[in-house]
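Colleague: Next comes the sequence, and after it the predicted model I'd like to discuss.
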Amino acid sequence: MKYRRARRIGHSRGGEWGFRDALRAVARDGEGRWLLVGDEQVVVFTSDGEPVRRWATERPGWAAAVDAEGRIWVGEEGRIEVFSPRGRLEDGWQDELFARVTALAVTGDEIFAADVGSRWIHRFDRDRRLLNHLGDRHRKGGFHLPNGVLDFALDVDGTVVVANPGMHRVERYAPDGDLLDRFGAFGQHDPAAFPGCCNPTNLALGPASEVVVSEKAGPRVKVYDRAGGLLAIVAAGADFDPDCKNMDLAVDASGSIGVVDTVGRQVVVFDRVAGPEPAAARGAPG
Amino acid sequence: MSRDYTRRDVLEIGARAVAMAGLGGFGTLLAVKAHAGDAWWIDPDKCINSRLGTAGAETCQSCATECVLTLSAIRAVNEFSKCGRCYVCPAYFDIHSAAGPDGLPSKKLCPRDAIERLPIGWIDPEDPANNFYEYVIDEALCNGCGLCVMGCKEPAGLGSVRLEVNHDVCLDCNRCSISTACPEDAYARLST
Ligand code: SF4
Ligand code: SF4
Ligand code: SF4
């Protein structure tokens, strides 16, 4: 599996459609458009990076998800906002369970919201009744999140794949909160392992349920198979400023990966290309 | 688990987190205030060992080497409200050293062994990743070399460790030799 750095989405910091203080999250909608969330705004770009529209959020945005009707859900401090595809506010959902919502997923029946206050993922039905939490049975009381961000993705089989950086692990849960599987370990030198105090910081799933993660210090993007075998190192070293941290991810049906460059405040896109597997990716998981 | 119970739980955790965060940052000023008048002070936003945006820079050790005292009056402090209680702390471990039998780095970073790694609560002996730790710096051993400060700096760590003047031992020299040597203009006189 091989990737090529293809393009940047978004305007630079000072640009008309740029982010002044922080770009924190990225998502794709059903039309392949890019949704960039940060500051107190959502900015939409075409798949080629042409600006489409933008609108304000009530509070700084930390997460974005698109539901089957094309509505855009934005995770904020203490609140989730729901917007029409054209950016009209349809709903503001305030709940004492939300300290800061840093990842979201919305299905036909359910809503999953990752909250860094409790360090749990809250699972609700579409009438917003709390069903259960994920991570609350951890002996550490929740996921271990030194970086202040909790990220996860829903797999096609309904399981929930979570980055648990303070334990250097990727964990797979049943929706009811049962831990099903996990992989990963600390390792500074093995490319398949997770380095530093707390990695991976962010996570997304590819079209064949590949697990795509980003790391901080130094910034790196990697792809694993479901069992934790390293498939590819997508980006590392010079691809990002060394101060990049909590780089959110979005993957489309072709396997292209959008990565939030938190220093440049743009999304860097890596396209999947045919070619031999890189040597570094043949190591066993740590 | 009932909804009421879990909600209460979450709110208590949140309130604790907010209370902890509120304490952050006052340590330095309180320490300086205890010595009313002018006092030497390290600006963490200027010191290269703690300043953001300088990942990969070499550690400045002038605070350890330039003080007129045999054991420098500068020491590192860990601000617990910011610390992540990581089991792999890049201020405590030399994270680049080879892994030991437990999978953790085999060497410590501090050349003076001044940092203690204290487990919090019950310890899971089977799974090192399943534990929290508090990192406590012994000021009688620390000489302010800054290695742990650089190790903990964002984004590698959380920036919870920083250098401070120990006003109990600082002679308050009229012209502090560290301030003269400081390459970053981070060492300043603070009026209280
Ligand atoms: S004032 Fe004197 S004793 Fe205090 S830190 Fe500076 S050189 Fe050391
Ligand atoms: S400043 Fe240097 S001597 Fe002091 S605790 Fe840190 S590494 Fe050890
Ligand atoms: S001399 Fe200045 S830059 Fe160097 S460690 Fe001390 S305060 Fe920091």
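Modeller: Cool, got the structure. Ligands and ions are numbered 1, 2, ... in the order given.
Colleague: Okay, the spatially most central residue of chain B and chain A: tell me how far apart.
Modeller: When CA atoms, centre = their mean is applied to chain B, the residue found nearest the centroid is B:Val161 (1.5 Å). With distances taken as CB to the nearest CB, to the nearest Å, B:Val161 is found 12 Å from chain A. All C-beta spots, glycine's among them, are computed from the backbone N, C-alpha and C.
Colleague: Tell me where the stretch 51-200 of chain A has strands.
Modeller: Per DSSP state E, counting those that start in this stretch, the stretch 51-200 of chain A carries strands over the ranges A:51-56, A:61-66, A:72-76, A:79-83, A:89-94, A:101-106, A:110-115, A:120-125, A:130-134, A:152-154, A:160-164, A:169-173, A:179-183.
Colleague: Can you show me the helices along chain B?
Modeller: Remark: helices assigned in chain B by DSSP state H are B:3-23, B:26-33, B:62-65, B:147-152, B:177-181.
Colleague: which one of these has the lowest average pLDDT?
Modeller: With a mean of 37, helix B:3-23 has the lowest mean pLDDT of the helices of chain B.
Colleague: Residues of the stretch 1-150 of chain A that sit close to chain B?
Modeller: Counting by CB under 8 Å from any CB of the partner chain, the residues of the stretch 1-150 of chain A close to chain B are A:96-97, A:99, A:115, A:117-120, A:130, A:132-133, A:136, A:139-142, A:144-147.
Colleague: 7 Å instead?
Modeller: Those residues of the stretch 1-150 of chain A that sit near chain B, judged by CB under 7 Å from any CB of the partner chain, are A:96-97, A:99, A:117-118, A:130, A:133, A:139-140, A:146.
Colleague: Farthest pair within those?
Modeller: A:Leu130 and A:Pro146 (26.5 Å; CB to CB).
Colleague: Which positions within stretch A:4-18 qualify as buried?
Modeller: For stretch A:4-18, burial by neighbour count (16 or more other CB atoms under 10 Å in any protein chain shown) applies to A:9-11, A:17-18.
Colleague: let me fix that: stretch B:133-146
Modeller: In stretch B:133-146, counting by 16+ other CB under 10 Å, buried: B:133, B:135, B:137, B:139, B:142-146.
Colleague: could you dump those to TSV with pLDDT and distance to B:Leu171?
Modeller: Supplementary listing: these in TSV, determined by pLDDT from 0 to 100; distance: CB to CB, whole Å:
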residue	pLDDT	distance to B:Leu171
B:Tyr133	96	35
B:Tyr135	98	29
B:Ile137	98	22
B:Glu139	95	16
B:Cys142	98	18
B:Asn143	98	16
B:Gly144	98	15
B:Cys145	98	20
B:Gly146	98	21
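Colleague: residues in contact with residue 162?
Modeller: Picked chain A for this. Listed by CB atoms under 7 Å, 6 or more residues apart in numbering or on different chains, the contact set of A:Val162 reads A:121, A:134, A:143, A:152, A:171, A:173.
Colleague: oops, I was thinking of chain B
Modeller: Applying CB under 7 Å, 6+ apart, we find B:Arg162 in contact with B:44, B:50, B:77, B:79, B:149.
Colleague: out of those residues, which are inside strands?
Modeller: Judged by DSSP state E, these include B:Val77 as members of strands.
Colleague: so the closest residue in space to A:Ser256 that isn't next to it in sequence, which of the three states?
Modeller: The shortest distance from A:Ser256 to any non-neighbouring residue, by CB to CB, 6 or more residues apart in numbering or on different chains, is to A:Asp271 (4.9 Å). Secondary structure, DSSP: H, G, I helix; E, B strand; the rest coil: A:Asp271 is strand.
Colleague: Quick check: pLDDT value at A:Asp271.
Modeller: In this prediction A:Asp271 is given a pLDDT of 97.
Colleague: and it, how many neighbours does it have?
Modeller: If you count neighbours by other CB atoms under 10 Å in any protein chain shown, A:Asp271 ends up with 15.
Colleague: That one and A:Arg4 touch, don't they?
Modeller: Yes. If you go by CB atoms under 7 Å, A:Asp271 and A:Arg4 touch, sitting 5.3 Å apart.
Colleague: Local confidence estimate at residue 61?
Modeller: No chain in the question, so chain A it is. 97.
Colleague: meant chain B, my bad for not saying
Modeller: On pLDDT, B:Gln61 comes in at 97.
Colleague: number of nearby residues for it?
Modeller: Residues near B:Gln61, counting by other CB under 10 Å: 16.
Colleague: ok, it - contacts?
Modeller: Contacts for B:Gln61 were tallied using CB under 7 Å, 6+ apart; they are B:145-146.
Colleague: Next: B:Glu66.
Modeller: For B:Glu66, the contact set (CB under 7 Å, 6+ apart) comprises B:177-178, B:181.
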